[in-house]
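Q: Just the structure for this:
(one chain, ligands or ions: 2)
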Amino acid sequence: MAANSENKLQLVHSHIRAFPDFPKEGILFRDICPILKDPAALTAVTDLFEEHVRQNHKQVELIVGLDARGFLFGPLLAQRLGVGFVLIRKKGKLPGATASVAYDLEYGKAEAEVQEDSVAPRQKVLLIDDLLATGGTMYAAIQLMKKQQADILGCMVVIELKELNGVDKLKPHSVFSLVQY
Ligand SMILES: O=P(O)(O)OC[C@H]1O[C@H](OP(=O)(O)OP(=O)(O)O)[C@H](O)[C@@H]1O
Ligand SMILES: Nc1ncnc2[nH]cnc12
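A: Ligands and ions are numbered 1, 2, ... in the order given. Take a look at the predicted model:
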């Protein structure tokens, strides 16, 4: 990896905090708020995602972000790439006709929705979120994109919690992560 990219990764890494027992006992919560507070760190995240997409997924047509923290990184990346951004939201937040799917979280249960007219059949999409834990949220997003008959190019996250094996749940789809724990 180029020295420049390595420096950017270190900058991102140094802007992630860990909070034990949040939101429940036994969960080590990885907090990305310091990244958002430092423009250099947020630019580094966007640069690294952009570099990955330009090298591996030139054909991308839409960035699809997951509620809520995928919304913090996705639109910045989409704007850089000159493509659109689509929201996958928790149930009950999107107007109009929606498709939905239920899923399990590391610390609970939820239901995800997308507007039916947001992605056209065979559109090439990349999914983005801040963090991959069990992979339940990203798996639900993949199911929603399949319902839309999208062409899923891959998934991207800032943080991957490797011990939870979320990547296995998402196969054969690829997961690109900046920081791994
Ligand atoms: O891989 P998983 O086990 O599914 O967990 C990862 C998801 O959990 C967090 O979101 P959360 O549902 O807490 O919602 P928030 O973004 O609204 O805080 C995180 O931002 C991911 O979306
Ligand atoms: N450990 C964790 N830290 C932050 N967000 C999460 N979402 C699911 N697990 C998480």
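
Q: Return the residues of this structure in contact with ligand 1.
A: Residues of the chain lying near ligand 1 by Cβ under 6 Å from any ligand atom: 66-69, 105-106, 110, 129-138, 166. C-beta here means a position set from N, CA and C on the backbone, and glycine is covered the same way.

Q: at 8 Å instead, please
A: With Cβ under 8 Å from any ligand atom as the criterion, the chain meets ligand 1 at residues 23, 66-70, 90, 103-108, 110, 129-140, 161, 164, 166.

Q: Just the ones in strands from the residues you listed, please.
A: Among the residues of the chain next to ligand 1, the members falling in strands (DSSP state E) are 66, 90, 103-105, 108, 110, 129-132.

Q: okay, these in a markdown table with neighbour count and pLDDT next?
A: Below are these laid out as a markdown table (neighbours: other Cβ atoms under 10 Å; pLDDT from 0 to 100):
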| residue | neighbour count | pLDDT |
| --- | --- | --- |
| 66 | 25 | 98 |
| 90 | 15 | 95 |
| 103 | 19 | 89 |
| 104 | 14 | 84 |
| 105 | 12 | 81 |
| 108 | 10 | 79 |
| 110 | 15 | 90 |
| 129 | 26 | 98 |
| 130 | 23 | 98 |
| 131 | 24 | 98 |
| 132 | 26 | 98 |
